[in-house]
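K.L.:
Pasted the sequence and its predicted model underneath.
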Amino acid sequence: MKEKIKVLVVDDSAVVRKILSTALNKYLDIEVVGTAPDPFVARNKILSLKPDVLTLDVEMPRMDGLTFLKKLMTYHPIPTVMVSSLTQEGCDATLKALAIGAIDFVAKPTCRLSGDVKDVIGELYTKIKVASKANIKKINNTKKQVYNKDTSRVIHSTSDGHNYTLFKGSRKIIVIGASTGGTEALKDVLIQMPPNSPAIVIVQHMPELFTRAFAKRLDSLCSITVKEGKNGDSLIQGQAILAPGNYHLRLRRSGAMYHVETNQEAPVNHQRPSVDVLFDTVAKYAGENAIGVIMTGMGSDGASGLLKMKESGAKTIAQDEDSCVVFGMPNEAIKLGAVDRIAPLQKIPENIFAFLNN
């Protein structure tokens with residue numbers, strides 16, 4: 001019989017601890033080995049119970065979740081799924097947790113609506129299973145970049161010692177799809193893009209509010225402008241558009257100009273926004289003018305769309321297994337024959353530059 005995934009639930013709310021532990025224990029492949037009301041109790045239970053995965057609240061007494069996560073990832077790394085409140089403060093804290101090393105997050109159930117609780121538990125179950133297999137050792141292996149938001153020239157240091165300078169005008173566009181592990185992976189790629197980079201469009205699986213906070217965080221770190229997309233936004237050089245949570249994002253073309261459209265049609269591959277929805281329209285309207293990148297994430301969203309892009313003349317890149325937190329989406333694209341190049345995370349910008357310069 002296959003061993004169950006051992007889970008430790010850490011939350012200061014007794015009600016939430018009860019809801020999560022009771023619901024998760026109903027799954028045949030999950031065993032909640034314990035609960036903890038704060039990080040100090042959690043620390044002792046981690047040592048004695050040896051859980052495979054942690055669910056962690058951000059706001060707790062005695063020591064906040066972010067401080068605890070930093071210590072955990074430094075001294076005793078465990079795959080961790082954050083349970084976050086749907087507030088602006090909760091969004092910001094969750095993004096910091098992902099930067100520290102959390103695998104993924106879910107919105108905390110309201111405890112008032114049974115449907116809401118059921119949906120959150122289902123999502124949490126899926127993410128615990130993914131976290132149990134995640135490449136935890138790779139999460140913090142990021143490379144320092146040299147950048148300055150306010151300068152006209154950015155130095156993009158790469159492993160081969162080459163410094164990439166600004167591009168000439170280009171009608172090319174870059175589209176990127178990511179899911180689990182994608183927030184930090186996207187940061188590592190975008191931080192290397194110069195101020196006059198071709199327009200970039202991104203789908204990262206993430207709910208409402210979180211995409212807005214994520215776009216703001218990226219904008220503060222990158223030399224390009226990063227914004228959450230709105231219906232009708234034009235694609236312009238030096239700007240990245242992030243699909244808003246709970247909305248699909250499609251590419252449209254008017255003459256030589258591109259813009260995006262948003263809608264709330266049914267989820268595709270259980271996702272809204274869906275990478276395939278974006279990639280399908282890029283194949284149709286941009287063709288050989290596009291470069292498609294599929295990055296770390298569970299499932300297969302984006303694989304078939306990337307194949308359509310390649311068949312329409314676009315160049316395509318997949319993140320390699322060793323640098324992925326979860327090698328799901330890139331692997332599915334590779335198996336379909338949708339990928340021109342497979343590259344480690346830190347060499348993805350280098351490969352994009354090579355396609356652009358050719």
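P.N.:
Cool, the structure landed.

K.L.:
quick one: average pLDDT of stretch 245-254?
P.N.:
The average pLDDT within stretch 245-254 is 96.

K.L.:
Return the set of buried residues in that stretch.
P.N.:
For stretch 245-254, a neighbour-count test (16 or more other CB atoms under 10 Å) marks 245, 247-251 as buried. No exception for glycine: its C-beta is placed from N, CA and C like everyone else's.

K.L.:
Relative to residue 30, which of those residues is nearest.
P.N.:
Distance to residue 30, by CB to CB, is smallest for residue 245 among the buried residues of stretch 245-254, at 26.8 Å.

K.L.:
ok, that closest one - contacts?
P.N.:
Residue 245 sits next to 206-212, 273 when contact means CB atoms under 8 Å, 6 or more residues apart in numbering.

K.L.:
ok, now residue 311?
P.N.:
residue 283.

K.L.:
how far away is it from residue 351?
P.N.:
Going from residue 311 to residue 351 by CB to CB, to the nearest Å gives 20 Å.

K.L.:
Residue 252 too?
P.N.:
27 Å.

K.L.:
next one: residue 38
P.N.:
45 Å.

K.L.:
all strands in the chain, in order from the N-terminus.
P.N.:
5-10, 30-36, 53-57, 80-84, 104-107, 173-178, 199-204, 225-228, 239-242, 248-254, 257-263, 290-294, 315-319, 341-343 (DSSP state E).

K.L.:
Just checking: what are the partner strands of the last one?
P.N.:
In other words, strand 341-343. When sheet partners are counted by DSSP bridges, strand 341-343 sits next to strand 315-319 (parallel).

K.L.:
What lies in contact with the strand it pairs with?
P.N.:
185, 290-296, 306, 309-310, 330, 333-334, 338-345, 348, 351-352, 355.

K.L.:
what distance separates it from the middle of the whole chain?
P.N.:
Offset of strand 315-319 from its chain centre (CA atoms, centre = their mean, to the nearest Å): 17 Å.

K.L.:
go on, stretch 294-302?
P.N.:
Remark: stretch 294-302 is offset 10 Å from the chain centroid, using CA atoms, centre = their mean.

K.L.:
Can you give me the end-to-end span of it?
P.N.:
Taking CA to CA, to the nearest Å, the first and last residues of stretch 294-302 lie 7 Å apart.

K.L.:
Now do residue 31 against residue 223, distance only.
P.N.:
47 Å.

K.L.:
scratch that, residue 311 is what I was asking about
P.N.:
Counting by CB to CB - residue 311 and residue 223 are separated by 33 Å.

K.L.:
got it, and residue 117?
P.N.:
On the measure of CB to CB, residue 117 and residue 223 end up 43 Å apart.

K.L.:
re earlier: just the buried subset of the contacts of residue 245, please.
P.N.:
Looks like the contacts of residue 245 have 206-207, 209-212, 273 buried, using 16+ other CB under 10 Å.

K.L.:
same for the longest helix along the chain, what does it pack against?
P.N.:
Across the chain, the longest stretch assigned as helix under DSSP state H is helix 114-132. Contact here means 3 or more CB pairs under 8 Å, 6 or more residues apart in numbering; DSSP states H and E; on that basis helix 114-132 packs against strand 5-10, helix 14-24, strand 53-57, strand 80-84, strand 104-107.

K.L.:
one step back: neighbour count winner among residue 117 and residue 223?
P.N.:
Between residue 117 and residue 223, residue 223 has the larger neighbour count (other CB atoms under 10 Å), namely 25 against 16.

K.L.:
Distance check, that one against residue 107.
P.N.:
Taking CB to CB, one finds residue 223 at 32 Å from residue 107.

K.L.:
what about residue 216, how many residues close to it?
P.N.:
Residues near residue 216, counting by other CB under 10 Å, number 17.

K.L.:
Let's see the pLDDT reported for it.
P.N.:
96.

K.L.:
which ones are touching it?
P.N.:
Counting by CB under 8 Å, 6+ apart, residue 216 has contacts residue 226.

K.L.:
Can you check the pLDDT for residue 114?
P.N.:
At residue 114, pLDDT is 55.

K.L.:
go on, residue 197?
P.N.:
Looking at residue 197, the pLDDT reads 95.

K.L.:
correct me, but it touches residue 174?
P.N.:
Yes: using CB atoms under 8 Å, residue 197 is in contact with residue 174, at 7.4 Å.

K.L.:
Once you drop chain neighbours, what's closest to the one residue sitting closest to the centre of the chain?
P.N.:
Closest to where the C-alpha atoms of the chain average out (CA atoms, centre = their mean) is residue 182, at 2.5 Å. Computed as CB to CB, 6 or more residues apart in numbering, the closest residue to residue 182 that is not its neighbour in sequence is residue 204, at 4.9 Å.

K.L.:
distance of residue 323 from residue 46?
P.N.:
27 Å.
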